[in-house]
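Visitor: give me a 3D structure for the following:
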Amino acid sequence: MADAPFFENLRKLINVVDDLRDVGLGQYINLPRITVLGTQSSGKSSLLESIVGLDFLPRGEGVVTRRPLELRLVRTPSLAQPYGEFDAFKGEKLTDFQKVKEKINELTDKVAGKNKGIVDDPIILTVYSPTCPDLTVIDLPGITRIPLAGSDQPKDIEKITRDMAGRYCRDPRTIILCVVPANADLSTSDALQMARELDPDGNRTLGVFTKIDIMDKGTSAKKMLLGQEIPLKYGYVGVKNRSQHDINNGMTVKKALEIERDYFATHPVYSTMPTGYIGTENLVQRLTNILYSHIRKCLPDIIREINNRTRECESRLKELGPPLPRENTEKMQLVWNMITEFTEKYKNVIKGKYDAMRIGESKAISSGSIIKKYFYDLYDDLLEKDKKHVSCKYKDTDISRAIRLHQGDSIPGFLSIDSFLYLIHPLLQDLKEPAVDCLNRIYDHLEDIATGIINKVFERFPTLMADMIENVIQVLQSRRDATREMIDNIMEFENSYIFTNDDDYLANRSIVVSQKDGEKKKENVDTNQAFVNEMRSRIESYFTIVVRNNRDSIPKIIGHFLVKKSMDEMQYSLYNAINKNPMIFKMIGDPEHIINERDNLHKKLETLKKAQKVLKRDPDLAVMPVFEDTGDYTSKDYIQRSTSKNEKDSARESDGSGNVPVMEKRKKSLENIAEPRSITQPSPVNSNNTSSTNVLESKPAPKPSNSLFGSSAPAKPSNSLFGNK
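Guide: Predicted coordinates:
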């Protein structure tokens, strides 16, 4: 058949969209679809049965469609017998469509209840048939104004049905198949009014007039069909469906289509109209053309959106990090590993050991160097050359006064030890403050580096991080207090017991005395000044010895009792604190919102990855020809070309009743889809010619080389998924 390539390409596109919907992409990205919108009892079910060519939808009083029905039609020419398959019962092929009705009722009652409740949970039904078109259509519950008495329908049933219709039809990638009874006033149609609200410009709405055969006598839907009252981009199509009387009498869908064809062929008004505006066959033709063009138009944007959202998911998952363990034993092991990592980093920073994880901080001075700098600065000002601390502290009058104050009743000519103690104690007390200040500086530095490491190691656990910082500070504070006690003891020793074995001091003391004795023999010397000089010399010498000794001992005390002990005890102290904390397992778990976000991201990413596989599965999508549907079904040019086609069809072989056979008409109509200037591709009327029909007949536009119908013309496709090639 000449139209086989078209159906093949259309089927590929619809399969892609259905597969994307099956993997769950529809909950993240809007997909192209056709949604049936209409009020209750507007003839939606009969219309769908006419499109499919089978009697398979439930019937009854009141609201029958209570769950959205996603109807996937698969045209299978080689199939001997049509069958249906529900997504909820995969693998179960139903060739008896009476059972399909029963399954729809069963699935509806299972979710929506048996008392006329309405639920937004779609039923997915795939129908395979040699005569049905390749389409995916979603049938929504009809807009209902008043709830049924004695049912589960709430008082705001109209709002519920309108909101449901809005959720499906508001999407810009949704084609709205608006079903309107022709025997009602078009200007007051609820369905059309809602379609205009959801699609204000009418760019994605196709109107269908049902019940066209029961309009008041003397009236017709011609003006409405031609879009002269309320224009739509995709225009209108009038159909004649089975009435309830026909259904009750067992009229088949096939018979109803024959009656519909005869009705329009013999009607005094509709028989004179272009064929594109009337009949289920022309509706199917228009729907297939629209859906094909619509999917091809949306597919590049869908691919870009999938790729962008995949990158967003991966980036966010990277920010969240790997999931945390949920078993307590695994959680405890994780905490121990982090404590070990912290203590190792703490030791490495102090020792200046190379750490590959600190590449970015490699230029920073190690903490060990900073601590030694504090040690080098201790008492450095008291040992500067040419600077006597005692000379700065005491004047001669101060020393002389101290000597006289503690002379007592001892024999003159001897220095009192009490004078020495009186003068040396204040100097020794001044040594305590620099030592304590050095201790505090080093403690602050250790606390800073420990806190910084904890912030990095325990970054994902804010609650545990605070608890770990508190434990580390407790360890450091305990070591600082122990070190402070040692420093206080040293200072107390120096003040309470004055003694030295320093050889230099003993030698200098003897030299001083001999020098003074020699001076007395040569000349008269002021004895008071001599005593002052000797006392100053002895205090300066002893103080220097004490400073030198403490300048070595204080750093050793701080280095051992604070720095080294903190490194040795930190890991054990933290382990012990963690084991005693009953809340530890709650602290290391991800917050509930992070767990939910990560799970949702993984689920979303998995769906997006599956969607990418679906799109890569068929490389022909990238080169499939594009035939843009201009969709101006209300223009004079469209009417003229449709009329010309109608005249040509009437001249062809008929089936004996004056009508062209159904499949032959459909085949020839579908061929026009591939022609750039056909029913669905209107061109402007050439003002230089009397009729645009003549232009079309004399200069037909060339078909693409990869035509839907396998043309061998050399022209390239007008466009492809990834641009012209």
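Visitor: mind listing what's buried in the host helix or strand of D444?
Guide: Assigned by DSSP states H and E, D444 belongs to helix 432-457. Within helix 432-457, the residues scored as buried using 16 or more other CB atoms under 10 Å are 432, 434-436, 438-439, 441-443, 445-447, 449-450, 453-454, 457. C-betas here are computed from N, CA, C, even on glycine.
Visitor: go on, stretch 27-44?
Guide: Applying a neighbour-count criterion of 16+ other CB under 10 Å, one finds 28-44 buried in stretch 27-44.
Visitor: any idea how far the longest helix along the chain is from the chain center?
Guide: Criterion DSSP state H: the longest helix present in the chain is helix 280-320. A distance of 18 Å separates the centroid of the chain from that of helix 280-320, by CA atoms, centre = their mean, to the nearest Å.
Visitor: for the next helix or strand after it, packing partners?
Guide: Once the chain leaves helix 280-320, the next helix or strand it forms, by DSSP H and E, is helix 328-351. Judged by 3 or more CB pairs under 8 Å, 6 or more residues apart in numbering; DSSP states H and E, helix 328-351 is in contact with helix 367-377, helix 432-457, helix 462-496, helix 565-579, helix 584-587.
Visitor: just to revisit the earlier point, name the helices or strands packed onto the helix holding D444?
Guide: Here helix 432-457 touches helix 328-351, helix 367-377, helix 462-496, helix 527-558, going by 3+ CB pairs under 8 Å, 6+ apart.
Visitor: centroid residue for this protein?
Guide: Most central in the chain under CA atoms, centre = their mean is C313, positioned 4.8 Å from the mean C-alpha point.
Visitor: does that residue really touch K604, like I thought?
Guide: Yes - between C313 and K604 there is a contact under CB atoms under 8 Å: 5.6 Å.
Visitor: thinking again about what came up before, just the ones of the buried residues of stretch 27-44 in helices?
Guide: Short answer: those in helices (DSSP H) are K44.
Visitor: so which of the buried residues of stretch 27-44 sit within strands?
Guide: Counting by DSSP state E, the buried residues of stretch 27-44 place R33, I34, T35, V36, L37, G38 in strands.
Visitor: adding pLDDT, write those residues out as TSV.
Guide: Formatted as TSV, those follow (pLDDT from 0 to 100):
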residue	pLDDT
R33	88
I34	91
T35	92
V36	92
L37	91
G38	88
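Visitor: quick one: which of the residues you listed is nearest I399?
Guide: R33 (105.0 Å; CB to CB).
Visitor: residue contacts, the closest one?
Guide: Contacts for R33 (CB atoms under 8 Å, 6 or more residues apart in numbering) come out as V17, T136, V137, I138, D171, R173, T174, I175.
Visitor: which residues does F209 contact?
Guide: Each residue near F209 by CB under 8 Å, 6+ apart is listed here: V180, P181, A182, A221, M224, L225, Y236, V237, G238, V239.
Visitor: just give me the closest of those to E102.
Guide: Closest approach to E102 among these (CB to CB): V239, at 26.9 Å.
Visitor: number of nearby residues for the closest one?
Guide: For V239, the count of nearby residues is 26 (other CB atoms under 10 Å).
Visitor: now swap in E106 and tell me
Guide: Using other CB under 10 Å, E106 has 14 neighbouring residues.
Visitor: list the contacts of the host helix or strand of it.
Guide: Using DSSP H and E, E106 sits within helix 97-112. Residues outside helix 97-112 that contact it (CB under 8 Å, 6+ apart): 54-58, 66-67, 69, 82, 84, 86, 88-89, 94, 118-119, 121, 123, 125.
Visitor: buried residues in it, which are they?
Guide: Quick answer for helix 97-112 (16+ other CB under 10 Å): F97, V100, K101, K103, I104, L107, T108, A112.
Visitor: any weak-confidence spans in the stretch 451-600 of the chain?
Guide: Along the stretch 451-600 of the chain, the model assigns pLDDT under 70 to residues 508-525.
Visitor: go with 80
Guide: Across the stretch 451-600 of the chain, the ranges flagged by pLDDT under 80 are 460, 507-527, 585-591.
Visitor: by mean pLDDT, flag the weakest helix or strand of the protein.
Guide: When each helix and strand of the chain is scored by mean pLDDT, DSSP states H and E, helix 692-698 comes last, with a mean of 33.
Visitor: show me what the helix or strand hosting V74 packs onto, helices and strands only.
Guide: For V74, the host element (DSSP H and E) is strand 69-75. Strand 69-75 is packed against helix 4-22, helix 44-52, strand 123-129, strand 135-139, with contacts defined by 3+ CB pairs under 8 Å, 6+ apart.
Visitor: what angle separates it from strand 123-129?
Guide: For strand 69-75 against strand 123-129, the angle by axes from the mean of the first three to the mean of the last three CA atoms, to 10 degrees is 20 degrees.
Visitor: can you list the residues that contact the helix or strand following strand 69-75?
Guide: Next along the chain after strand 69-75, taking DSSP H and E as the criterion, comes strand 83-86. Here strand 83-86 makes contact (CB under 8 Å, 6+ apart) with 56, 91-95, 97, 100, 103, 107, 123-128.
Visitor: so for strand 83-86, mean pLDDT?
Guide: Strand 83-86 carries an average pLDDT of 93.
Visitor: repeat that for stretch 129-149.
Guide: For stretch 129-149, mean pLDDT rounds to 83.
Visitor: so R242: helix, strand or coil?
Guide: Secondary structure, DSSP: H, G, I helix; E, B strand; the rest coil: R242 is coil.
Visitor: quick check: it touching M251?
Guide: Yes - proximity of R242 to M251 meets the contact threshold set by CB under 8 Å, at 5.6 Å.
Visitor: who's more crowded, the two?
Guide: R242 (23 against 15).
Visitor: okay, the more buried one and S293: tell me how far apart.
Guide: Using CB to CB, to the nearest Å, R242 is found at 30 Å from S293.
Visitor: L71: how many residues sit nearby?
Guide: 25.
Visitor: which residues touch M332?
Guide: Counting by CB under 8 Å, 6+ apart, M332 touches I578, I584, F585.
Visitor: tell me the phi and psi of the residue nearest to S41 when sequence neighbours are not counted?
Guide: Nearest residue to S41 in three dimensions, chain neighbours excluded: G142, at 6.8 Å (CB to CB, 6 or more residues apart in numbering). Torsion angles at G142 (phi, psi; degrees, to the nearest 10) stand at phi -60, psi 150.
Visitor: okay, angle between the helix holding D444 and helix 328-351 too, please.
Guide: Using the same axes, to 10 degrees: helix 432-457 against helix 328-351 is 140 degrees.
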